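**Q** The following comprises the amino acid sequence and a computationally predicted model.
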Amino acid sequence: MLINLSTIPVSEKQNWLQHAIAPRPICFASTIDTSGNVNLSPFSFFNLFSNNPPVVIFSPARRGRDNTLKHTLENVREIPECVINLVDYDMVQQMSLSSCEFAKGVDEFVKSGFTKEKASLVSPPMVKEAKVKLECKVIEIKSLGEIAGAGQLVIAEVLCMHVDESILGEDGKIDQQKFQLVARLGGDWYCKIDGRNLFKVEKPNREIGIGVDAIPESIRNSKFLSGNHLGMLANVHSLPIINPAFTDARLKNIIQYYGINPSEMEKELHLYAADLLNNGKISDAWQVLLSGDNF
Ligand SMILES: Cc1cc2nc3c(=O)[nH]c(=O)nc-3n(C[C@H](O)[C@H](O)[C@H](O)COP(=O)(O)O)c2cc1C
């Protein structure tokens, strides 16, 4: 299915894009105007774009309904500062409530029931309940257009971070399993990050992986190994060679029972290698696969 974004209504563009480009972290931005009115609103067009300098961008778009500007944008034009509060599961319903189109000057801290906490370097208050808060200086505002729905990029440098100790691990750093971040997907969908849906992928960039193209053809074209399996096999730093000392009962059985039938043996070896890879045993999987190549 090919979707030509230039020929469909805005609401459909939004639907396709926001369901596909997901999950998006939520910037819960607190801002203030020159009269001291505080605003608090969530924005999922948000991310980290630079570590050094530490720069984030979020986008309060022109309102789709009437093409007016969001109060957050008006505020950062007046006072180029904000606090970005990161949203975890305990905050999600109140955060959603704060996104109602309250009239200008209405304090969403009060409406959504969050507590103000004084920031150390900027004038907008922080959300006390948030476990991570970023005090930011707005360094540039870039408009992506004048039509309804056009994004307005607020580019902000993070001056300092507040991190609640309850989400730190034993190493003193943020423990991704303790910090139950939520993120926005399409429509009404959100996701919650917790131990059940987290997994690790070893970084490939410490040493160069051999690449999928360097995997022997019989393994690369296997019907039993997935793209994820090939990605793991290709992340070794040199093509492994057979280790004569490698032996185990399942391998011995496969060779014993299927030795007379090469295609069945290859299937069994590839299925065994897939099991090993699913358990992170990459060098064992290579040994199993190479022992098949030996026949
Ligand atoms: C989770 C969530 C994410 C949102 N993300 C955005 C966004 O990225 N850009 C945007 O313009 N509006 C977004 N909205 C809607 C705004 O929060 C909403 O328009 C809000 O009322 C703006 O408030 P303000 O006019 O006080 O700045 C989002 C709403 C929710 C609940």
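**A** Looks like it arrived, so ask away.

**Q** of all of the stretch 151-295 of the chain, which residue lies closest to the ligand?
**A** At 4.4 Å from the ligand, R184 is the closest residue in the stretch 151-295 of the chain, using C-beta to the nearest ligand atom. C-beta here means a position set from N, CA and C on the backbone, and glycine is covered the same way.

**Q** From S30, how far out is that residue?
**A** 18 Å (C-beta to C-beta, to the nearest Å).

**Q** Of these two, which one has the most company?
**A** A count of neighbours by other C-beta atoms under 10 Å puts S30 above the other of R184 and S30, at 31 against 23.

**Q** Read off the pLDDT value for that one.
**A** pLDDT, S30: 98.

**Q** And for S59?
**A** The model reports S59 with a pLDDT of 98.

**Q** start the count at 29, not 1, going forward
**A** Sure, I'll start counting at 29 from here, so that last one is S87.

**Q** Let me see the backbone angles for it.
**A** phi -140, psi 100 (degrees, to the nearest 10).

**Q** List the contacts of it.
**A** Under the criterion of C-beta atoms under 8 Å, 6 or more residues apart in numbering, the neighbours of S87 are F71, F73, F74, L172, G179, Q180, L181, V182.

**Q** In those residues, which residue is surrounded by the most others?
**A** Of all the contacts of S87, V182 has the most neighbours under the rule other C-beta under 10 Å, reaching 29 neighbours.

**Q** Distance from the lengthiest helix in the chain to the middle of the chain?
**A** Looking across the chain with DSSP state H, the single longest helix is helix 290-306. Centre-to-centre, helix 290-306 and its host chain are 33 Å apart (C-alpha atoms, centre = their mean, to the nearest Å).

**Q** which of the residues in it are buried?
**A** By neighbour count on 16 or more other C-beta atoms under 10 Å, the buried set for helix 290-306 is M293, E294, K295, E296, L297, H298, Y300, A301, A302, L304, L305.

**Q** can you check stretch 169-188 too?
**A** By 16+ other C-beta under 10 Å, the buried positions in stretch 169-188 come out as G177, G179, Q180, L181, V182, I183, A184, E185, V186.

**Q** what residues does that stretch touch?
**A** For stretch 169-188, contacts defined as C-beta under 8 Å, 6+ apart pick out 38, 41-42, 57, 73, 77, 81-95, 97-98, 100-101, 104-105, 110, 112, 148-150, 162-168.

**Q** Check the residues you listed one by one and keep those near the ligand.
**A** Residues of these in contact with the ligand (C-beta under 6 Å from any ligand atom): F73, S87, P88, A89, K98, T100.
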